[in-house]
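In: okay, predicted coordinates and the sequence, questions at the end:
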Amino acid sequence: MPAAPMPALQFPAGFLRGPATSAHQVEGNNTRNQWWRFEQQPGAIWHGDRSGLACDWWNHAEVDFDLMERMGHSAHRMSLEWSRIEPEPGRFDSAAIERYRALLDGLRRRNIRPMVTLHHFTNPLWLEQAGGWENPAAIVRFQQYVRYAVRTLGDLCNQWVTLNEPLVYVVQGWVRGIWPPQKTHLLAALRVFRHLLQAHGVAYQTLHANSPGAPVGYALPVRVFQPSNPKRWLDRKAANLKRYLVEHLWVTGAADGKLRFPLGLDEYQHSLADSADFIGINFYTRDLVRFHPDPRQLFGEEHFSPDGEYSDRGRRGVYSEYAPQALHQIVREVNAFHKPIYITENGLPDHDDDQRPRWLLGHLHALHQAIQQGCDVRGYYHWTLTDNFEWSEGWGLRFGRVELDPATQLRRPRPSAALYSAIARTNAISETLVQTYAPELHPILFPTAAPQQQNVRKR
């Protein structure tokens with residue numbers, strides 16, 4: 001009698017898997033945006049790093065596209081660099097568009113479905129000089145750029161993301177003041193957030209008017225803020241305030257078209273109503289929140305559990321805590337909007353790759369559970385394929401399944417690359433993979449088997 005097949009956690013047919021990237025972090029030499037200018041300031045980037053050539057995608061992205069194809073990826077989320085496409089107001093660069101057409105065509109020829117993000121933190125310098133997103137004119141400027149992009153690239157693009165992590169952009173630039181434009185001005189922060197939400201609605205309508213069949217969504221950062229002490233009223237209020245500002249304002253506004261306080265007084269925006277065909281979730285960790293009177297922290301100090309398992313440390317301390325149950329929670333919550341869900345980013349910095357296999361399996365298991373419970377999750381985009389320029393952390397945090405030496409551009413796959421490839425090819429998590437890469441998860445993913453060794457945690 002043949003041996004019984006090893007059990008596996010199977011994902012739905014057509015479930016998309018691949019990496020997520022952003023233009024400035026991988027293309028190289030994006031000299032016309034505000035981030036390039038910011039990098040030149042002493043101390044702006046950890047260790048004095050610069051993006052430089054980044055991953056050299058503007059010249060040789062096909063090297064990594066070939067890697068994706070060999071790894072069995074079915075999808076890739078990438079972004080366009082606005083400052084390349086429109087280097088001066090109203091002047092669009094046909095050569096830049098031809099390069100983006102070549103990139104999209106290259107993905108499609110490799111049977112990799114592109115999801116294209118239109119704004120991922122960077123602005124043309126000319127937009128910054130005109131007041132950036134504090135100026136309501138940025139909404140019209142963004143619409144003109146979006147219209148040009150969809151008309152020239154729409155035949156090659158399957159899905160669009162209007163804006164990536166708008167609240168991260170606002171908080172880092174106008175609340176904490178550690179990203180450009182390096183301000184600490186709450187009223188300006190609210191003005192920028194309002195303009196971004198309005199720009200999303202206008203972009204949604206523009207995309208559908210020019211490419212009716214392509215789904216449009218957004219990529220929302222979610223950290224699942226939880227009170228440090230659930231019994232303490234101020235901790236609960238601080239955590240709820242962060243969830244309201246960071247998540248609920250955007251999701252509900254894009255659903256019913258209302259600009260809620262403090263963005264507005266329930267003002268109805270026709271272009272914003274029902275302006276998402278899918279919801280993108282960028283999830284890395286959860287945060288515990290204790291009340292703090294500082295408005296720059298939105299009245300809540302964030303920290304991780306003292307007993308948690310942590311990723312590599314960044315410039316300002318611990319970057320993320322292992323919390324796949326929080327991903328399961330947010331997927332269940334977002335499913336109430338009855339829209340398809342994509343995990344548009346998920347990953348961790350892990351230079352020696354000793355945690356990434358465990359975290360990959362743990363978060364994919366959380367998604368599998370949510371799908372089994374009826375959640376409409378259709379894809380998972382891992383951050384990221386190769387190490388890239390990680391904003392103000394520079395090259396100090398390594399998120400790639402493939403190690404990259406930015407000086408030589410040499411690439412070396414880490415063990416997690418083979419794991420993700422095996423999952424992508426089979427559309428399943430097998431017991432063999434768990435036993436090979438993270439045996440400590442075996443009793444969680446396959447509870448009928450005997451318990452395995454415990455995980456060694458970083459702290």
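Out: Now that the structure is in, tell me what you want to look at.
In: for the lengthiest helix in the chain, list every residue counted as buried.
Out: Using DSSP state H to assign secondary structure, the helix with the most residues in the chain is helix 186-210. For helix 186-210, a neighbour-count test (16 or more other CB atoms under 10 Å) marks 188-208 as buried. Yep, even glycine has a C-beta here, placed from its N, CA and C like the rest.
In: the residue lying closest to Thr184 once chain neighbours are set aside - how many residues pack around it?
Out: Spatially, and ignoring its direct neighbours in sequence, Thr184 is nearest to Gly177 (4.3 Å; CB to CB, 6 or more residues apart in numbering). When counting by other CB atoms under 10 Å, one arrives at 16 neighbours for Gly177.
In: contacting residues for Gly177?
Out: If a contact means CB atoms under 8 Å, 6 or more residues apart in numbering, then Gly177 has Lys183, Thr184, Arg296 as its contacts.
In: pLDDT score for it?
Out: According to the prediction, Gly177 has pLDDT 94.
In: element containing it?
Out: Gly177 belongs to no helix or strand when assigned by DSSP states H and E.
In: try Gln226
Out: Gln226 is part of strand 225-227, with elements assigned from DSSP H and E.
In: pull up the pairing partners for that strand, direction included.
Out: Strand 225-227 pairs in its sheet with strand 287-291 (parallel), by DSSP bridges.
In: right, and the helix or strand after the partner strand?
Out: Following strand 287-291 toward the C-terminus (DSSP H and E): strand 300-303.
In: quick one: mean pLDDT over that next one.
Out: 93.
In: now do the strands in the stretch 201-350 of the chain.
Out: Remark: strands of the stretch 201-350 of the chain, listed N- to C-terminal, are 216-222, 225-227, 258-259, 267-268, 278-283, 287-291, 300-303, 313-314, 317-318, 341-345; assignment by DSSP state E, counting those that start in this stretch.
In: now do the stretch 351-459 of the chain
Out: Under the criterion DSSP E, counting those that start in this stretch, strands of the stretch 351-459 of the chain are mapped to 377-382, 402-404, 411-413, 428-430.
In: who wins for proximity to Ala323 among those strands?
Out: Evaluated over the strands of the stretch 351-459 of the chain, closeness to Ala323 peaks at strand 377-382, with 16.5 Å, by CB to CB.
In: for stretch 57-72, buried residues please.
Out: Buried residues in stretch 57-72, counted by 16+ other CB under 10 Å: Trp57, Trp58, Ala61, Asp64, Phe65, Leu67, Met68, Glu69, Met71, Gly72.
In: ditto for stretch 342-354
Out: Counting neighbours by 16+ other CB under 10 Å, one finds that the buried residues in stretch 342-354 are Tyr342, Ile343, Thr344, Glu345, Asn346, Gly347, Leu348, Pro349, Asp350, His351, Asp353.
In: hmm, which two among the residues you listed are most spread apart?
Out: Tyr342 and His351 (27.5 Å).
In: pLDDT score for Asn158?
Out: Checking the pLDDT column for Asn158, the value is 89.
In: pull the number of nearby residues for it.
Out: Around Asn158 sit 16 other residues, with neighbours defined as other CB under 10 Å.
In: which residues touch it?
Out: Residues touching Asn158, when contacts are defined by CB under 8 Å, 6+ apart, comprise Arg113, Pro114, Met115, Ala214, Pro215.
In: equivalent analysis for Leu241, please.
Out: The neighbourhood of Leu241, defined by CB under 8 Å, 6+ apart, consists of Leu298, Phe299, Gly300.
In: ok, how many other residues are close to the first one?
Out: Using other CB under 10 Å, Leu298 has 22 other residues around it.
In: ok, which of the strands of the stretch 201-350 of the chain comes nearest Arg50?
Out: With distances scored as CB to CB, the stretch of the strands of the stretch 201-350 of the chain nearest to Arg50 is strand 313-314 (17.6 Å).
In: which residues touch that closest one?
Out: For strand 313-314, the external contacting residues (CB under 8 Å, 6+ apart) are Trp46, Tyr319, Pro349, Glu393, Gly396, Leu397.
In: just to revisit the earlier point, how far off centre is the strand holding Gln226?
Out: Taking CA atoms, centre = their mean, to the nearest Å, the mean C-alpha location of strand 225-227 is offset from the chain mean by 21 Å.
In: so for it, what's the average pLDDT?
Out: Mean per-residue pLDDT for strand 225-227: 95.
In: got the contact list for that strand?
Out: Looking at what lies outside strand 225-227 - CB under 8 Å, 6+ apart - the contacts are 235-236, 238-240, 242-243, 246, 286-290, 300, 302, 326.
In: which one among those sits at the bottom for pLDDT?
Out: Lowest in pLDDT among the contacts of strand 225-227 is Val246, which has 88.
In: how close does that one sit to Ser311?
Out: Distance check for Val246 against Ser311: by CB to CB, to the nearest Å, it reads 20 Å.
In: same check, this time on Val150
Out: Remark: distance between Val150 and Ser311 (CB to CB) = 36 Å.
In: quick one: pLDDT of the closest residue to His351 other than its chain neighbours?
Out: Computed as CB to CB, 6+ apart, the closest residue to His351 that is not its neighbour in sequence is Arg398, at 4.5 Å. In this model, Arg398 is scored at 98, pLDDT.
In: so what's Arg398 up against?
Out: Contacts were defined as CB under 8 Å, 6+ apart; by that measure Arg398 touches Asp312, Pro349, Asp350, His351, Asp387.
In: excluding sequence neighbours, find me the nearest residue to the second one.
Out: Spelled out, it's Pro349. Computed as CB to CB, 6+ apart, the closest residue to Pro349 that is not its neighbour in sequence is Leu397, at 3.7 Å.
In: which of the buried residues of stretch 57-72 sits closest to Asp105?
Out: The shortest gap between Asp105 and any of the buried residues of stretch 57-72 belongs to Phe65, at 10.4 Å (CB to CB).
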